[in-house]
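Visitor: Turn this into a model:
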Amino acid sequence: MHVEIDSIHCCGCTACSSVCPVKAIQMKEDAEGFLIPVVDETRCIECRQCVNVCPAKKDANTVDKTKQTIIAYAAKYEDEIRYNSASGGFFPALAKYVIEKENGWVCGCVLNRETLMPEHIVSNQWADVQRMQDSKYVQSNMRDCYCEIGNRLKKNQFVLFTGTSCQVAGLYGYLDLKRIQREKLLTVDFFCHGVPSPKIWKEYLLFYQKTKKKKPVGYRFRCKKYGWGNSNRCSSHLNSITYSNTIKVTRLDNVSWASRMWRSVFFSNLCIRQYCHSCPYACAEKPADITMGDFWGIENCYPDFDDGKGSSIVLARTEKANKILKAVEWLTLRPVKIEDGLHKQANAFKPSPPNPLREEFWKDYKNEGFGFCARKYFGYTTKNRVRQFVKRILFELKLHDLY
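Guide: Coordinates of the predicted model:
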């Protein structure tokens, strides 16, 4: 009578716990660190609202593909703020419009200042929008954001929501069951590779602190220090850690293999939520008003548009989306063919496949710990660290590309 309670069938959006009228559902970590609903059977009244709201139960039927007319754009924000975005700065440009022109609110993912764990917040402060910039390659905790968004919409306030497609679908389901109008809601999702385990992310940060004797206080998943796309010589996913030393002075580490290892963790598909491997939203037809992503290959389609600082592919599906896009005066847009923007977006066509060693990885992690896994699966060996360090220095000297 209620929702699925494992991360194979549950996407972790938290809509069920938000909509439950008797608060019988709590989101708790499973053995892999993913949030799943835990139902208090003594409180459950079998109203089935959790089932009705669940995007995993509805699967791809949450998207009416027959009614979508998709218009694609190349986009970039002509401002230095783009430097802190993963690609073209589309999100901060849109957020600025919502806050300044609509007097609205923005919901997006940030890293918690104390723990560096990803979580969604709702804010109308530009400083928080800047924290929402950059990709976060870990599943975020939605906390009570659905409820807060619903309350703001009931007050006739404009809200911009950014998140994964399943989080957007969960928000729609929550608002529909609560009979809250969506006229003043604008949603943005993105092409999602899959969400890694927050537990493994936390273990990685502890591993860095232990091995390097430095406490991480900040993290960039997509540093643009060396450019973006073709101009940065294959370092588009260069990770960097900000750490504090013994006298609490912050320093940047983007040289050590420990600081850059999360890229290997992410693309290994060893600790991605199992639901993601059968994701129904790994396609161009998604639930959000707008889908954003990196415009890989922009230099081939429109070389004059590519300045090496980042370009976004933007898919607009609704009249509301196109109207707002045309009103964002500081956003440079160029209509493009959908196929030109998507041909290098693997997850626009299919979900990421599971790693055949996934079960072995989790067994090793449980028995041996993350340090063992870092050496066995992610190249944290003396030989590889020396090789990576040398390659990194040669890259700095422009003598070697970093792959």
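Visitor: Now do the same contact list for Val38.
Guide: Val38 sits next to Ile5, Ile25, Gln26, Met27, Lys28 when contact means CB atoms under 8 Å, 6 or more residues apart in numbering. The way it works is simple: take the backbone N, C-alpha and C, and place the C-beta from them, glycine included.
Visitor: Run through the bridge partners of it.
Guide: Taking DSSP bridges as the rule, Val38 bridges to Gln26.
Visitor: On the pLDDT front, check it for me.
Guide: What the model reports for Val38 is a pLDDT of 94.
Visitor: pretty sure Asp189 contacts Ala284?
Guide: No - using CB atoms under 8 Å, Asp189 is not in contact with Ala284; the gap is 11.5 Å.
Visitor: For this protein, name the helix or strand with the lowest mean pLDDT.
Guide: Ranking every helix and strand in the chain by mean pLDDT, DSSP states H and E puts helix 55-58 at the bottom, with a mean of 78.
Visitor: Name the residues that touch the next helix or strand after that helix?
Guide: Using DSSP states H and E, the helix or strand that follows helix 55-58 in sequence is strand 71-77. Residues from elsewhere that reach strand 71-77 (CB under 8 Å, 6+ apart): 82, 85, 88-90, 92-93, 292, 295, 298, 301-302, 305, 307, 309-316, 322, 325, 330-338, 340-341.
Visitor: Just the ones in helices from the residues you listed, please.
Guide: Among these, the members found in helices (DSSP state H) are Phe90, Pro92, Ala93, Ile298, Cys301, Asn322, Leu325, Ile338, Asp340, Gly341.
Visitor: Arg131 is in contact with Asn112, correct?
Guide: No - using CB under 8 Å as the test, Asn112 is too far from Arg131 to be in contact (9.8 Å).
Visitor: Give me the more crowded residue out of these two.
Guide: Arg131 (18 against 12; other CB atoms under 10 Å).
Visitor: How many residues are close by the closest residue to Lys23 other than its chain neighbours?
Guide: Of all residues not flanking Lys23 in the chain, Arg43 sits nearest, at 7.1 Å (CB to CB, 6 or more residues apart in numbering). By other CB under 10 Å, the residues close to Arg43 number 11.
Visitor: does Arg43 count as helix, strand or coil?
Guide: Put simply, Arg43 is coil when judged by DSSP: H, G, I helix; E, B strand; the rest coil.
Visitor: Would you map the strands across this protein?
Guide: Assigned by DSSP state E, the strands in the chain fall at 25-29, 35-39, 71-77, 105-111, 118-123, 159-162, 185-190, 215-220, 240-244, 250-253, 290-294, 312-316, 331-336.
Visitor: Relative to Pro196, which of these is closest?
Guide: Set against Pro196 and scored by CB to CB, those come closest in strand 118-123, at 10.1 Å.
Visitor: Contacts made by that closest one with the rest, please.
Guide: Defining contact as CB under 8 Å, 6+ apart, one finds that strand 118-123 is touched by 105-112, 128-129, 132, 136, 138-143, 145, 148-149, 152, 159, 163, 167, 198, 201.
Visitor: now the strands of the chain in JSON lines, with distance to Asn52?
Guide: Formatted as JSON lines, the strands of the chain follow (distance: least, CB to CB, whole Å):
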{"stretch": "strand 25-29", "distance to Asn52": "13"}
{"stretch": "strand 35-39", "distance to Asn52": "14"}
{"stretch": "strand 71-77", "distance to Asn52": "32"}
{"stretch": "strand 105-111", "distance to Asn52": "23"}
{"stretch": "strand 118-123", "distance to Asn52": "22"}
{"stretch": "strand 159-162", "distance to Asn52": "20"}
{"stretch": "strand 185-190", "distance to Asn52": "19"}
{"stretch": "strand 215-220", "distance to Asn52": "37"}
{"stretch": "strand 240-244", "distance to Asn52": "43"}
{"stretch": "strand 250-253", "distance to Asn52": "47"}
{"stretch": "strand 290-294", "distance to Asn52": "25"}
{"stretch": "strand 312-316", "distance to Asn52": "28"}
{"stretch": "strand 331-336", "distance to Asn52": "37"}
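Visitor: out of those strands, which comes closest to Pro354?
Guide: Nearest of these (CB to CB): strand 35-39, 18.2 Å.
Visitor: Correct me if wrong: Gln133 contacts Ala93.
Guide: No - applying CB under 8 Å, one finds Gln133 not in contact with Ala93, separated by 10.8 Å.
Visitor: of those two, who's got more company?
Guide: Neighbours were counted for Gln133 and for Ala93 using other CB under 10 Å; Ala93 has more, 25 against 22.
Visitor: And that one, how far from Phe305?
Guide: Separation of Ala93 from Phe305 (CB to CB, to the nearest Å): 15 Å.
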